[in-house]
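*Asks:* Sequence and computational prediction follow.
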Amino acid sequence: MRISSEILKALKNGRPVVALESTIIAHGMPYPKNVETALRVEQTIRNHGAIPATIGIIDGEPVVGMSKEEIEMLGQRKNVLKASRRDLPVIYAKKLWAATTVASTMIIAAQAGIEVFVTGGIGGVHRGATETFDISADLQELAKTNVTVVCAGAKAILDLPLTLEYLETMGVPVLGYQTEELPAFYIRNSGLKVDYKIDDPKEAANIIVEKRKNKLEGGILIANPIPQKYAMDEKVINDAIENALRQADELGIKGKDTTPFLLKTIVELTGGDSLESNIELVLNNARVGAEISKEVTKLK
Ligand code: PSU
Ligand code: MN
């Protein structure tokens, strides 16, 4: 794997580093907002005293700390693959370009020695999963890979109660950042309780370090609600989600295409409003993730 010299040095010196995924760039947002957002997220992490490590796969090589030019290329290029855990061996062998999901970003981050990862939303148990079996590999990865994922909960394109059940079965701690409820991505509340509320980055860091010290394998999910002023109207977003799910069903969209299709359709249906909320919640997660990663390094 190729780790940027800045990140290598930071890791060696116990400085805070925050991992970022690239599926959100290649498949989660339209160009050029995707690239613009990726760079703003990196800058936000720097402004909060940590070093960003955007992860992707270039010509079959996992890259930790993509350059600005590489992020631009990944964001523009057509036919960039979406790589989850099972795609990695093939992409490495065929020397392809690929964007990494939460699952594969966790794998590469852990291999590089990065403990904190910031994103927008994780994959989860899809609605209708009792028939389709569509459950994101992100959940299995959270069960086994030692990385803390800071997100804004999960979108209501998923079955949120089943997603929480699955995380419970898999032994994944779910922590609400200054909330007792699982946030639902575009809106702050889902009506579903999380296991534990944490109040500040220090508390998160203590939990991360205790898990490591006690050799409890697996990830931690930290759910940080979107700031109120950027949250969407509940009815507007839920109507868009219902509509997008109907379209996916009619068009027979399946497998790894489902999540990108739903994200894109929701942006279209909300006239771009959902994209603005999405951007703001990622920036908010970047602030919290950088602070958590700083606290973790203080405890090392
Ligand atoms: N949810 C979002 N935005 C995203 C994704 C999920 O709100 O960009 C991306 C992430 O990369 C996540 C992936 O890991 O989709 C999940 O895809 P799947 O459901 O196919 O596992
Ligand atoms: Mn799936």
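*Replies:* Received the coordinates, thanks. Everything numeric here is computed off the predicted structure, so don't read it as measured data. Ligands and ions are numbered 1, 2, ... in the order given.

*Asks:* can you pull out the strands in the stretch 51-200 of the chain?
*Replies:* Taking DSSP state E, counting those that start in this stretch as the criterion, the stretch 51-200 of the chain carries its strands at 51-58, 61-64, 81-83, 98-100, 116-118, 148-151, 174-177, 196-198.

*Asks:* Of the ones you listed, which is nearest Thr297?
*Replies:* Proximity to Thr297, assessed across the strands of the stretch 51-200 of the chain by Cβ to Cβ, is greatest for strand 116-118 (9.6 Å). Glycine gets a C-beta too; all of them are placed from N, C-alpha and C.

*Asks:* Give me the contacts around that closest one.
*Replies:* 16-21, 41, 45, 102, 105-106, 109, 147-151, 208, 282, 285-286, 288-290, 292-293, 296 (Cβ atoms under 8 Å, 6 or more residues apart in numbering).

*Asks:* quick one: average confidence on that strand?
*Replies:* Averaging pLDDT along strand 116-118 yields 98.

*Asks:* where does the stretch 1-150 of the chain have low pLDDT?
*Replies:* Low-confidence segments of the stretch 1-150 of the chain (pLDDT under 70): none present.

*Asks:* Around ligand 1, pick out the residues from it.
*Replies:* By Cβ under 6 Å from any ligand atom, the residues of the stretch 1-150 of the chain that approach ligand 1 are 21, 23-24, 28, 84, 101-102, 120-121, 123, 136-138.

*Asks:* 5 Å instead?
*Replies:* Contacts of the stretch 1-150 of the chain with ligand 1, taken as Cβ under 5 Å from any ligand atom, map to 23-24, 28, 101-102, 120-121, 123, 136, 138.

*Asks:* since we're on Thr169, how many residues are nearby?
*Replies:* 10 (other Cβ atoms under 10 Å).

*Asks:* ok and the helix or strand that contains Val41 relative to strand 51-58, angle-wise?
*Replies:* Assigning secondary structure by DSSP states H and E places Val41 in helix 33-47. Taking axes from the mean of the first three to the mean of the last three Cα atoms, to 10 degrees, one finds helix 33-47 and strand 51-58 inclined to each other by 150 degrees.

*Asks:* Now helix 33-47: buried residues?
*Replies:* By neighbour count with 16 or more other Cβ atoms under 10 Å, helix 33-47 contains the buried residues 33-35, 37-39, 41-42, 44-45.

*Asks:* which residues sit against that helix?
*Replies:* Applying Cβ under 8 Å, 6+ apart, the contact partners of helix 33-47 are 18, 20, 22, 24-26, 28-29, 51-52, 54, 68, 71-72, 75-76, 118, 275, 279, 282-283, 286-287, 289-290.

*Asks:* Packing partners of whichever strand or helix holds Ile292?
*Replies:* Counting by DSSP H and E, the element that carries Ile292 is helix 273-299. In terms of contacts (3 or more Cβ pairs under 8 Å, 6 or more residues apart in numbering; DSSP states H and E), helix 273-299 is packed against strand 17-20, helix 33-47, strand 116-118, strand 148-151, helix 201-213, helix 234-251, helix 258-269.

*Asks:* and it with helix 234-251, angle?
*Replies:* Angle, helix 273-299 to helix 234-251, by the same axes, to 10 degrees: 100 degrees.
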